[in-house]
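Visitor: sequence first, predicted coordinates after that:
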Amino acid sequence: MRILVCNDDGIYSPGIAALAEVASEFGTVRIVAPHVEQSSMGHAITATRPMSYRATPIAGFEAYRVNGTPADCVALGAHLWEKVELVLSGCNLGLNLGNSTWHSGTLAAAKQAALLGMRGIAFSVPSGLEKFDTVKPWIRKVLQTLVPAHELNLVNVNLPREPRGMIWTRVAVQQYDGVVIPTKDPLGRDLYWFSVKPLEGAEEGTDRWAVEQRWISMTPLRLDLTDEATLDACREQRPLDEQLAATVSPPVSSPEVAKQVVEEEATVAHAQLP
Ligand code: MN
């Protein structure tokens, strides 16, 4: 099995070497990762300049650094190395719990894998973790659980400092306090740092609660963000033109119409769609 290893902390992070080492027990590993840190870049892709890569062997593994985002690295890595089945992202130095799932570049690499038809697993450990020797056996256990579970195509894994075991969790979606902290640069000009803090305590069964209780949190995720229950309620309580649309519009659009919309989505004009 071909395993692509990516991260958002940059290719020289100790976290990616540790993950690659354990991953190599499960398949053939190749590292493709950003050349500089891309934390909190989320699922950004590079759309207005070209990407390139340079060979940079890491911990004895074939590795390439890319001038792009984590999502770019997964796309380029899968393009250059056919038949990748599994993308492992991390280990991020810093937990990715709750609201972080929206900002994390680590998780975005795993999401990009799922979008491209591969499986993706994101790994995060506490920031400030000095030695990976203690978490490596747990990374192995997580992979022993997740690798054979082919139905799980996207999982967010967070490891506490001294794990007691592993549990399945859901995302702790809470309102957070977005604090903007002003400061000055050496010339006295205004600078700002944006920092977030959850407003309430974590609920039982969530990723945040699990890590608070020293359990490894494993959250299966899906890419479809549609709120099904609310959608049903909207269609029932606030009907729009759904009936008319179903009457006059065919269930599948013509190729010409579909192509037109794809072209209208592009940030950069498509060269020529076939
Ligand atoms: Mn990071």
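Guide: Structure's in. What do you need?

Visitor: contacting residues around stretch 50-67?
Guide: 5, 11-12, 16-17, 20-21, 24, 29-35, 46, 68, 72-73, 76-77, 80 (Cβ atoms under 8 Å, 6 or more residues apart in numbering). Every C-beta, even on glycine, is put in place using the N, C-alpha and C of the backbone.

Visitor: go back to those and keep what's next to the ion.
Guide: With Cβ under 5 Å from the ion as the criterion, the contacts of stretch 50-67 include none near the ion.

Visitor: from the ion, how far off is Leu116?
Guide: Remark: distance between Leu116 and the ion (Cβ to the ion, to the nearest Å) = 21 Å.

Visitor: let me fix that: Arg2
Guide: Distance check for Arg2 against the ion: by Cβ to the ion, it reads 24 Å.

Visitor: my read: that residue touches Val84, true?
Guide: Yes - under the criterion of Cβ atoms under 8 Å, Arg2 makes contact with Val84 at 4.7 Å.

Visitor: more neighbours, those two?
Guide: Neighbours were counted for Arg2 and for Val84 using other Cβ atoms under 10 Å; Val84 has more, 24 against 17.

Visitor: packing partners of the host helix or strand of Trp193?
Guide: In the assignment (DSSP states H and E), Trp193 maps to strand 190-198. Here strand 190-198 touches strand 176-184, going by 3 or more Cβ pairs under 8 Å, 6 or more residues apart in numbering; DSSP states H and E.

Visitor: return the set of buried residues in the strand it packs on.
Guide: Tyr176 (16 or more other Cβ atoms under 10 Å).

Visitor: so Pro250 sits in a helix?
Guide: No - read with DSSP: H, G, I helix; E, B strand; the rest coil, Pro250 is coil and lies in no helix.

Visitor: from the ion, how far off is the nearest residue to Trp209 once chain neighbours are set aside?
Guide: Counting by Cβ to Cβ, 6 or more residues apart in numbering, Ala202 is the residue found nearest to Trp209 once chain neighbours are left out, at 4.1 Å. Distance, Ala202 to the ion, by Cβ to the ion: 21 Å.

Visitor: my guess is Ala113 contacts Gly120, does it?
Guide: Yes - with contact defined as Cβ under 8 Å, Ala113 reaches Gly120; the gap is 3.2 Å.
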